[in-house]
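Participant: how would this look folded up:
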Amino acid sequence: MSGSLLAGLMLFLLLIGIFSGAYIGVFLLATGFLGLWLIIGDFGIAASMLGTAPFYVLFEYALAVIPLFILMGLFVEVSGASEDLYNTFNLWLGKLRGGLGIATVLSNAVFAAVTGVSLASAALFSKIALPQMLRHGYDKKFTLGTVAGSSVLGMLIPPSILFIVFGILAEESIGHLFIAGVIPGIVLSGIFSLGIVVMVHIRPRLAGTVLTTELTFLRKVRTSLKSWGVFALIILVLGGIYAGVFTPTEAGAVGAVGAFMLTGIRRKLTVANIRYALLETGLVTAAFFLMFIGAQVFARMLATSGFVSMVTEAAVNLPVAPLIVVSIILLIYIIMGAFLDSISIMIITLPIVLPVIRVLNLDVIWFGVVSVIAIETGLITPPFGMVVFVMKSAIGENVTIEEIFLGAMPFLAMMLIALVILVFFPILSTWLPGLM
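Facilitator: As a prediction, this is how the structure comes out:
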């Protein structure tokens with residue numbers, strides 16, 4: 001049996017294992033090692049390659065950015081700053097019809113700039129935004145959809161964990177990827193906000209009543225100042241990266257320290273909160289690193305087999321424009337996103353897809369942005385949209401899975417519109433990185 005055929009068989013076994021509920025990191029290691037053994041025909045050499053993989057992966061300096069940004073987001077979460085952030089946007093937008101929905105989108109966009117994880121945003125704003133919107137008479141499905149849809153901004157607006165994963169696997173600048181996500185993040189936030197306005201205009205009952213509390217301009221400004229910590233962190237981290245003051249990894253360290261200090265200033269630096277933040281950071285980081293080690297072994301197997309070269313040659317020889325090839329890849333990502341988590345999709349596919357993108361002379365940074373959006377659509381797509389299940393867990397028995405999925409459908413359509421815009425206008429993703 002040829003090496004390419006063996007690699008294809010291992011890829012098939014990997015997908016079967018994942019769909020059956022096996023842990024992705026373990027199955028990557030198992031299928032990668034088995035494939036190497038069968039392709040090389042020598043157990044000792046395959047075992048040696050397996051043994052060196054953890055060193056080469058964990059020696060990667062850029063990986064340190066993952067626990068640092070996760071820790072920063074967790075400290076911001078326990079500090080309670082996210083609730084003040086939502087209240088600030090409510091003050092300025094609550095009197096508009098649909099204003100609470102727009103406030104939820106903008107709050108998620110800003111919170112995304114300090115957490116980088118969509119699931120964290122979904123869980124948090126299910127508890128913060130949902131009760132207020134329902135209390136003011138907003139339609140239940142519309143409210144659920146607004147929270148679910150806007151939470152996906154966490155993986156697009158920097159610092160994004162998906163951009164970090166993409167940058168490491170693609171060996172591209174994480175700083176450039178971060179900056180590349182700024183304008184697309186604003187575009188998607190704008191489309192969500194505009195979509196809410198249009199939906200409320202067509203069906204006014206979706207928005208319920210507007211806020212009636214009258215506050216002076218000065219009072220609004222004073223109340224808004226409570227959110228200073230979140231905005232200061234964003235300016236510190238992203239401004240530092242963009243200005244070249246420090247690398248993304250150093251920015252993660254600065255951000256984590258800044259979030260720690262913010263938690264202390266807000267008098268939330270308790271033993272329980274510190275323990276929660278450190279423990280969650282350790283658990284998530286360990287899971288990520290095991291997946292990266294497995295991905296290294298699996299990628300070596302694919303490269304040794306010649307499978308990547310075969311796929312690249314086949315894609316390049318297709319009698320279609322490069323943009324059609326990219327569109328096919330993105331369509332596959334959207335379908336996979338309905339069944340697998342985002343990181344797993346990247347780890348499985350990028351060793352195969354990236355050589356194709358490079359041979360077609362397409363911008364890898366641009367492809368990173370559009371691929372993240374395509375993969376993220378899966379977070380709110382049936383049957384296994386992870387954001388939906390996280391929201392269900394956070395809210396409890398008061399909602400059903402079906403209600404959240406139905407509410408999220410208009411926002412899924414908006415994400416697809418944003419994806420089309422960014423595919424056909426690459427400058428939206430490449431302009432800011434080009435200035436660095």
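
Participant: tell me, what residue is most central in this protein?
Facilitator: By CA atoms, centre = their mean, the chain has its centre lying nearest to M155, at 2.1 Å.

Participant: isn't that residue right up against S342?
Facilitator: Yes: the criterion here is CB atoms under 8 Å, and M155 meets it with S342 at 6.5 Å. Glycine gets a C-beta too; all of them are placed from N, C-alpha and C.

Participant: if we can go back for a sec, please report the confidence value the model assigns to the residue nearest to the centre of the chain.
Facilitator: pLDDT for M155: 80.

Participant: just N361 next, same as before
Facilitator: 90.

Participant: ok, now the one 4 residues further on?
Facilitator: We note a pLDDT of 95 for I365 in this prediction.

Participant: Ok, G94 next?
Facilitator: 66.

Participant: where are the low-confidence patches of this structure?
Facilitator: Within the chain, the ranges that satisfy pLDDT under 70 run 1, 19, 21, 94, 116, 209-217, 220, 223, 436.

Participant: Can you check which helix is longest in it?
Facilitator: helix 271-305 (DSSP state H).

Participant: list residues touching both of M155 and S342?
Facilitator: 162, 372, 376, 379 (CB atoms under 8 Å, 6 or more residues apart in numbering).

Participant: what's the burial count for the third one?
Facilitator: When you say that, I think you mean E376. When neighbours are counted by other CB atoms under 10 Å, E376 registers 27.

Participant: With adjacent residues omitted, what lies nearest to it?
Facilitator: Nearest non-adjacent residue to E376, counting by CB to CB, 6 or more residues apart in numbering: V152, 4.7 Å away.

Participant: isn't the one you found right up against L412?
Facilitator: No: in this structure V152 lies outside contact range of L412 using CB under 8 Å: 9.4 Å.

Participant: Neighbour count: these two, which is higher?
Facilitator: Under the neighbour definition other CB under 10 Å, V152 and L412 were set side by side, and V152 has more, 32 against 21.

Participant: So the residue nearest to E376: helix, strand or coil?
Facilitator: helix (DSSP: H, G, I helix; E, B strand; the rest coil).

Participant: I179 versus that one, what's the distance?
Facilitator: Separation of V152 from I179 (CB to CB, to the nearest Å) stands at 19 Å.

Participant: what do you get for E172?
Facilitator: E172 sits 12 Å away from I179 when distances are taken as CB to CB.

Participant: Mind checking which of those two has more residues around it?
Facilitator: Per other CB under 10 Å, whichever of E172 and I179 has more neighbours is I179, with 23 against 19.

Participant: tell me which element the residue nearest to that one when sequence neighbours are not counted falls in.
Facilitator: Closest residue in space to I179, ignoring its immediate chain neighbours: L432 at 4.7 Å, by CB to CB, 6+ apart. Remark: L432 resides in helix 427-435, with elements defined by DSSP states H and E.

Participant: Show me what that helix is packed up against.
Facilitator: helix 174-180, helix 182-202, helix 364-376, helix 401-424 (3 or more CB pairs under 8 Å, 6 or more residues apart in numbering; DSSP states H and E).

Participant: Make JSON lines out of the ones you listed and add distance to V237.
Facilitator: Converted to JSON lines, the helices and strands packed on helix 427-435 look like this (distance: least, CB to CB, whole Å):
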{"stretch": "helix 174-180", "distance to V237": "9"}
{"stretch": "helix 182-202", "distance to V237": "12"}
{"stretch": "helix 364-376", "distance to V237": "19"}
{"stretch": "helix 401-424", "distance to V237": "24"}
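
Participant: For V390, which of those is the nearest?
Facilitator: Between V390 and those, the tightest spacing by CB to CB is seen for helix 401-424, at 9.9 Å.

Participant: orientation of that closest one relative to helix 182-202 in degrees?
Facilitator: Orientation of helix 401-424 against helix 182-202 (axes from the mean of the first three to the mean of the last three CA atoms, to 10 degrees) gives an angle of 130 degrees.

Participant: Near S20, how many other residues are there?
Facilitator: Neighbours of S20 under the rule other CB under 10 Å: 8.

Participant: ok, it to F339 distance?
Facilitator: S20 is 12 Å from F339, by CB to CB.

Participant: now swap in S189 and tell me
Facilitator: Counting by CB to CB - S189 and F339 are separated by 27 Å.

Participant: Looking at those two, which one has more neighbours?
Facilitator: Ranked by neighbour count (other CB under 10 Å), S189 and F339 place S189 first, with 22 against 16.

Participant: got a list of what that one touches?
Facilitator: 105-106, 109, 150, 153.
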